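Enquirer: when you get a sec, could you give me coordinates for this:
(one chain, ligands or ions: 1)
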Amino acid sequence: MLAADPALAGGTPAVQGRGGILWFAGRFNAASGAVYLGFGARMCIVRAQPNLGVMPPLDSNQKEIPMPAGKRFKITCVGAGNVGAAVVQYCAEMDLGDIILTDIVEGLPQGKALDLTQAAPIRGYNSVVTGTNEYKDIEGSDIVVITAGLPRKPGMSRLDLLEKNANIMAEICQNVVKYAPDSIVIVVTNPLDVMVYTAFKKLGFPPERVIGMAGCLDSARMRAFVAMELNTSMKNVDTMVLGSHGDDMVPLPQYTTVSGIPITRLMPQDRIDAIVERTRKGGGEIVSLLKTGSAYYAPAASSARMVESIIRDERQLLPCSAYLTGQYGLDDVYIGVPVRLGKEGVEEIVELKLADEELQALHKSAEEVRTGIKGLQDMNLL
Ligand SMILES: NC(=O)c1ccc[n+]([C@@H]2O[C@H](COP(=O)([O-])OP(=O)(O)OC[C@H]3O[C@@H](n4cnc5c(N)ncnc54)[C@H](O)[C@@H]3O)[C@@H](O)[C@H]2O)c1
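Expert: Next up, the predicted model:
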């Protein structure tokens, strides 16, 4: 584990002296790790260390001045591969909290954490990033993002991959239960909806604390394609993509708008159809370009967006894989639906009015997920 003193995670160096607020300007001494600040009549020292954190300031009598109180969140990312490392990068850049990156490969999370730590002075974030191979270091995490898993290799069937990743998920969940029993868990590992169902069963957490990331990504892809088609700002585009993460996903053009204007008024139907199709195949398009590996920037950005909505209690309405108990006529399955994401996790599952064919597509998508769940049940893994 890299050295990371939690006491260093104090936030910005707010400096105040007894008897008045002091303005400071100072110099950082790399050898001693101290910042010397001059203030006319008084002298105040802020102890700082190069690994991002700032300790509480000292007054001229060397007594600590309390830092402003405020909770620092602890975020764990399990899996330090392409997606995991990028999740950590985005979470750090958003200053969402201090971050633990863990993996089974020795040195990998430590190396990436150190690299991200060295980017901090330039990017200007305060998150303390720590790499580890020890599960005990995730203790007390508020949020755990699971990106660990194996990719499908040549000769491996879908069922083989399911079995391998379900075993990985079981081992991770056992440790999350042990060390972070109050956390909210976001699953990213594929096949997504089956893996988040597996995590839900293994963790035994209430369903609002176990969520899958996929719809955010699929919606982001659709937003990008709409904006590219209309040569407009990505920020103006809103979309909703439901269903399972894969070819059976259900993009909803009727809920796609540009600054509130439905896209049906902005482009012909054949262009909308092409965008829907490209969204469905969005992951595959990137795999075929990369040749090895799969997308990670947009998946990580989508995961970080979910973390942000929870940590900042933003209650964003985002499409996520959530456990259904009758909504949309589906029960005991994880599938992508619009949810309100806040500090409790899934605070509401929003039931949209869907056209008959959209509802049928959602049910077909759920059947695909059930097939995967059944495969794991048949192997006694669930
Ligand atoms: N839900 C989505 O929309 C979405 C999008 C992109 C990728 N993914 C999935 O995310 C996962 C990660 O993708 P990636 O590109 O980062 O893959 P990657 O191969 O780069 O990284 C996976 C990491 O998991 C680690 N790992 C394996 N077993 C582990 C274990 N038992 N404990 C801890 N770590 C372990 C590996 O060592 C590796 O570093 C894959 O399953 C991928 O299919 C999902």
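Enquirer: for the residue of the stretch 1-150 of the chain found nearest the ligand, give me phi and psi.
Expert: Nearest residue of the stretch 1-150 of the chain to the ligand: Gly81, at 1.7 Å (Cβ to the nearest ligand atom). All C-beta spots, glycine's among them, are computed from the backbone N, C-alpha and C. Backbone dihedrals for Gly81, given as degrees, to the nearest 10, come out at phi -80, psi -160.
Enquirer: can you list the residues of the stretch 201-350 of the chain near the ligand?
Expert: 213-214, 217, 245, 293-296, 299 (Cβ under 6 Å from any ligand atom).
Enquirer: any of these buried? List them.
Expert: 213-214, 217, 245, 295-296, 299 (16 or more other Cβ atoms under 10 Å).
Enquirer: point out the least confident one among the residues you listed.
Expert: pLDDT across those is lowest for His245, at 89.
Enquirer: I'd assumed it was in a helix, is it?
Expert: No. Read with DSSP: H, G, I helix; E, B strand; the rest coil, His245 is coil and lies in no helix.
Enquirer: oh, and call the first residue 11 from now on, that's how I've got it
Expert: Happy to do that; since the first residue is 11 now, the last one works out to His255.
Enquirer: nearest residue to it in space, please, no chain neighbours.
Expert: Take His255 and drop its neighbours on the chain: the residue closest to it by Cβ to Cβ, 6 or more residues apart in numbering is Ala224, 3.4 Å away.
Enquirer: can you list the domain ranges for this structure.
Expert: 11-80, 84-222, 225-388 (automatic domain parsing).
Enquirer: now the end-to-end length of the second one.
Expert: Its first and final residues considered, domain 84-222 spans 19 Å by Cα to Cα, to the nearest Å.
Enquirer: quick one: Leu126 from Thr267, how far?
Expert: 36 Å (Cβ to Cβ, to the nearest Å).
Enquirer: of the two, which one has the most company?
Expert: More crowded of Leu126 and Thr267, by other Cβ atoms under 10 Å: Leu126, with 24 against 19.
Enquirer: buried ones in stretch 280-296?
Expert: Using 16+ other Cβ under 10 Å as the burial criterion, the residues of stretch 280-296 that qualify are 282, 285-286, 288-290, 292-293, 296.
Enquirer: output the longest strand belonging to this structure.
Expert: Longest strand in the chain by number of residues (criterion: DSSP state E): strand 341-352.
Enquirer: counting contacts, what elements does that strand pack onto?
Expert: helix 202-213, strand 220-222, helix 225-240, strand 251-252, helix 307-321, strand 326-335, strand 355-359, helix 366-388 (3 or more Cβ pairs under 8 Å, 6 or more residues apart in numbering; DSSP states H and E).
Enquirer: pull the distance from the shortest one to the chain's centre.
Expert: Centroid separation between strand 251-252 and its chain, computed with Cα atoms, centre = their mean, to the nearest Å, is 18 Å.
Enquirer: mind giving me the packing neighbours of it?
Expert: Applying 3+ Cβ pairs under 8 Å, 6+ apart, one finds that strand 251-252 contacts helix 225-240, strand 260-261, strand 341-352, helix 366-388.
Enquirer: and among these, the most buried is which?
Expert: Most buried of the helices and strands packed on strand 251-252 by mean neighbour count (mean count of other Cβ atoms under 10 Å) is strand 260-261; its value is a mean of 27.
Enquirer: which outside residues touch that one?
Expert: 228, 232, 249-253, 285-286, 289-290, 346, 368, 371-372, 375 (Cβ atoms under 8 Å, 6 or more residues apart in numbering).
Enquirer: sheet-wise, list the partners of the helix or strand that comes right after it with their directions.
Expert: Using DSSP states H and E, the helix or strand that follows strand 260-261 in sequence is strand 267-268. Next to strand 267-268 in the sheet, as set by DSSP bridges, lie strand 247-248 (antiparallel), strand 271-272 (antiparallel).
Enquirer: now do the first one, average pLDDT.
Expert: It stands for strand 247-248. For strand 247-248, mean pLDDT rounds to 98.
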